[in-house]
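Participant: one predicted model, sequence on top.
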Amino acid sequence: MSTSQIMMTDRESISPSTYTDVERGWINVKECSGHGSSPSTGGSSTIPIIAQGHTFGRAAIGNGRIANPGPAGAISFAATALLLSLFNVQAGGVEHPEIVVSMAVFTGGLSQFVAGMWEYPRGNVFNATLFSLYGSFWMSYATIFIPASGILAAYKDPIELSHAVGLYLITWTIVTAFFLFVVVRRNLALTVMLSTIFITLVILSISQYSLAGMPILSSRVQKAGGVFGIIGALLCFYIGVSELLAAELRPIVRLPLGVL
């Protein structure tokens, strides 16, 4: 690696983060062949990892660094999940889901998908996959209820439509199970949040697929799914705010995530 690829920076000038040193793009390099240290550094130096045109936690151009997109992704998911869950429990007597569509397209969908794309140059594989896929989930879910898509009109039988939505939710239940399996040893808050979202999807899948011919029971089960969805959304808000505070030099408070 040429010297032009290495920019010395005071590590303390970087704001705290919940990520490890490697995930932030920092590594302690001791005196070695080809990277001789100056006497003033005491035999070691701290440099950002920059190799093959990629950076981890820093912008590739200029002196800035890529900000953590995690809070944007988490809060986007939380806000959309909260609104949908409030609809599922029929809060305020609202029974039609159309109000969720715009939120799912732009907040839960577009905003979260963009957050996932920004996680890739940071080298955060899990967050990049999580945000981009759930962003796609919200946009595809919203498309179902957009009349111009023709999806609802294609199902003449309401029970068939309910079964179709149930299969859609079952598919995303499986995807969430994969995420939960990967994250179970990362931190407690994220593990509990994904577990709650998994339970929510299981309950909503049952209400749409297994109970399609029993509208009263299906509605009650859907409300139960809405309750779990609200809990999951609040936990996701907690995670997003925790990472926002962790990015501040002097946060008013720190919210622990319970590292396992």
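Facilitator: Now that the structure is in, tell me what you want to look at. Numbers count the residues shown, from 1 in each chain.

Participant: any low-confidence regions in this protein?
Facilitator: Residue ranges of the chain with pLDDT under 70: 1-64.

Participant: Ser140 versus the spatially most central residue of it, what's the distance?
Facilitator: Closest to where the C-alpha atoms of the chain average out (Cα atoms, centre = their mean) is Phe131, at 4.1 Å. Using Cβ to Cβ, to the nearest Å, we find Phe131 at a distance of 15 Å from Ser140. For every residue, glycine as well, the C-beta is placed using N, CA and C.

Participant: now do Glu248
Facilitator: Taken as Cβ to Cβ, the span from Glu248 to Ser140 is 35 Å.

Participant: in space, what's closest to Tyr155 - neighbours in sequence excluded?
Facilitator: Counting by Cβ to Cβ, 6 or more residues apart in numbering, Tyr155 lies nearest to Leu161, which is 3.7 Å off, once chain neighbours are set aside.

Participant: what does Gly166 give?
Facilitator: Tyr209 (2.7 Å).

Participant: any idea how far the one you found is from Leu130?
Facilitator: 25 Å.

Participant: likewise for Val227?
Facilitator: 23 Å.

Participant: of those two, who's got more company?
Facilitator: Counted by other Cβ atoms under 10 Å, Val227 and Leu130 do not tie: Leu130 has more neighbours, with 26 against 14.

Participant: for that one, list the residues it contacts.
Facilitator: By Cβ atoms under 8 Å, 6 or more residues apart in numbering, the contact set of Leu130 is 73, 116, 179.

Participant: what do you get for Leu190?
Facilitator: 183, 239, 257.

Participant: kindly report the same for Asn127.
Facilitator: 69-70, 73, 115-116, 119.

Participant: and if we set it to 10 Å?
Facilitator: By Cβ atoms under 10 Å, 6 or more residues apart in numbering, Asn127 lies in contact with 19, 23, 68-70, 73-74, 115-116, 118-120.

Participant: weed out the non-buried ones from those.
Facilitator: Buried members of those, scored by 16 or more other Cβ atoms under 10 Å, are 19, 68-70, 73-74, 115-116, 118-120.

Participant: hmm, back to that, and the contacts of Leu190, which is closest to Met214?
Facilitator: Nearest to Met214 among these: Val183, at 34.9 Å, using Cβ to Cβ.

Participant: how close does Gly150 sit to Pro97?
Facilitator: 17 Å.

Participant: more neighbours: those two, which one.
Facilitator: The neighbour comparison of Gly150 against Pro97 (other Cβ under 10 Å) goes to Pro97, with 16 against 8.

Participant: that one and Ile146 touch, don't they?
Facilitator: No - in this structure Pro97 lies outside contact range of Ile146 using Cβ atoms under 10 Å: 11.2 Å.

Participant: need the overlap of contacts for those two.
Facilitator: Listed contacts common to Pro97 and Ile146 are nil; contacts here mean Cβ under 10 Å, 6+ apart.

Participant: which stretches of the chain form helices?
Facilitator: Assigned by DSSP state H, the helices in the chain fall at 21-24, 70-88, 98-103, 112-119, 125-144, 151-154, 158-183, 188-209, 215-246.
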